[in-house]
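S.K.: Coordinates only, no sequence provided:
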């Protein structure tokens, strides 16, 4: 093998100088590279929404992986001939310095296509090129490099939950909902390590759905390449990038090997640490608002310790609910009608339920919390129906159209500090409201809890019924139609 004066090792094949990736240096090269194109993707500036260029992942015959780059103005020249998995030769190129953020290869140099670069497919090439190359990190390694925006590593493990559904029970994926949300949340465990949250976005989410549904049975093993690491409320979260690829069960050798390991360790496969999987994340009010302001937030539960500053005036503190599903009731010609189409009951008994707004604060920010259903009872110690009934009994059933004012039981909570379990939803992400819904209230010394069954424990937490109630929280008048609270109107704050 000949050596060039600047130290590059070369081989001569058909009078063309072939440079190996391991010997590649910075600067312009009038030489040839031979490689397999593992993957390519568009790189965009997320803030300016502009195309940076096309990035590639390349591997040569020595098994060395390097990153490639094509500037925006040259993409159309090379894109028609590019196919993942094909082997190419590239004549004339520029060795540029590899970027310091979101790197997908260890090599210090990036292969940049220059003005005179020539790309051609190598047909019937006798030289062997590996199909792929992965860089795996464990949970501990991801945690150590969290929020650094450095190299993007790969993760492989077995799935526990998919969008909150147990993998054991065979999750059903709603492609329409996933396309609308643009994301899938998977809880994944790598070997016997902690369970991690893995968010797949856009193309990665679509690839996941397609592969998941194409499997004959429910897939178990998942491999996602080039994930970014973030800390959310003190908890590690992995997120896919535009460079990410998705593999399952028998797609590639690492998933095959992991599937075999999992079969040899059935105790690990069956083990579910529910607290790790579903625990609510502790956040300050400021951190919750920061989460809502992210580019792609997701419905989530958080724990937030805050002090009650006031009961918000000018809005009703309760509504009249269906005794069955707790949705808002409407007055029909002769009876009360449930507004929830899935319930659809007529002649229902109207029962007062909490829909109270309180102003709270912590050391980071202020917010308005909305207490629904059981959360209000947990705060005051009394159900809304009892407080409303007591008011009308004490005041002799005042004139028609009167509503019970805010009770002393609610006013007396001003100044108290509590641990609130809050839920953020699409209403918050769309900017329709900054009010945060409280689903549960815990004592301050309560350890982190799980939310796997919280939707069942709190009848007022479902998104559908919340929408039916909150519409009237912003000012529409509620009329009390039940026999015990027949006279209702806007509340007044009583002392």
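M.R.: Yep, that arrived. Just so it is clear, the structure is predicted and the values come from calculations on it, not from any experiment. Residues are numbered from 1 along each chain as shown.
S.K.: contacting residues for residue 379?
M.R.: 371, 410, 413, 418, 441 (CB atoms under 8 Å, 6 or more residues apart in numbering). Backbone N, C-alpha and C define where each C-beta goes, glycine included.
S.K.: now, which of the residues you listed lie within helices?
M.R.: residue 410 (DSSP state H).
S.K.: does residue 140 really touch residue 193, like I thought?
M.R.: Yes - with contact defined as CB atoms under 8 Å, residue 140 and residue 193 form a contacting pair (7.3 Å).
S.K.: where do the strands sit along the stretch 251-400 of the chain?
M.R.: Using DSSP state E, counting those that start in this stretch, the strands found in the stretch 251-400 of the chain span residues 281-282, 300-311, 318-322, 329-331, 336-338, 350-361, 366-372.
S.K.: Could you identify which of the ones you listed is most buried?
M.R.: Neighbour counts (mean count of other CB atoms under 10 Å) averaged over each of these peak at strand 318-322, with a mean of 28.
S.K.: Give the other helices and strands that that one contacts.
M.R.: strand 329-331, strand 336-338, strand 350-361, helix 384-394 (3 or more CB pairs under 8 Å, 6 or more residues apart in numbering; DSSP states H and E).
S.K.: The same query, at a cut-off of 6 Å, please.
M.R.: Using 3 or more CB pairs under 6 Å, 6 or more residues apart in numbering; DSSP states H and E as the contact test, the elements touching strand 318-322 are strand 350-361.
S.K.: Below-threshold pLDDT in this structure: ranges please.
M.R.: 1-16, 233-234, 270-280, 295-299, 324-325, 341-346, 397-401, 432, 445-495 (pLDDT under 70).
S.K.: how many other residues sit next to the residue nearest to residue 261 when sequence neighbours are not counted?
M.R.: Spatial nearest neighbour of residue 261, excluding adjacent residues (CB to CB, 6 or more residues apart in numbering): residue 191 at 7.4 Å. By the criterion of other CB atoms under 10 Å, residue 191 has 14 neighbours.
S.K.: Let's verify residue 191: helix, strand, or coil?
M.R.: The three-state label given to residue 191 by DSSP: H, G, I helix; E, B strand; the rest coil is coil.
S.K.: so residue 336 bridges to which residues?
M.R.: Taking DSSP bridges as the rule, residue 336 bridges to residue 331.
S.K.: Hmm, it is touching residue 349, no?
M.R.: No - using CB atoms under 6 Å, residue 336 is not in contact with residue 349; the gap is 7.5 Å.
S.K.: List the buried residues in stretch 167-183.
M.R.: 167, 171, 173, 178, 181, 183 (16 or more other CB atoms under 10 Å).
S.K.: my read: the third one touches residue 209, true?
M.R.: When you say that, I think you mean residue 173. Yes - using CB under 6 Å, residue 173 makes contact with residue 209 at a distance of 5.4 Å.
S.K.: Leaving out chain neighbours, which residue sits closest to residue 62?
M.R.: Using CB to CB, 6+ apart, the nearest residue to residue 62 is residue 20, at 5.4 Å.
S.K.: How much space separates the one you found from residue 355?
M.R.: 69 Å (CB to CB, to the nearest Å).
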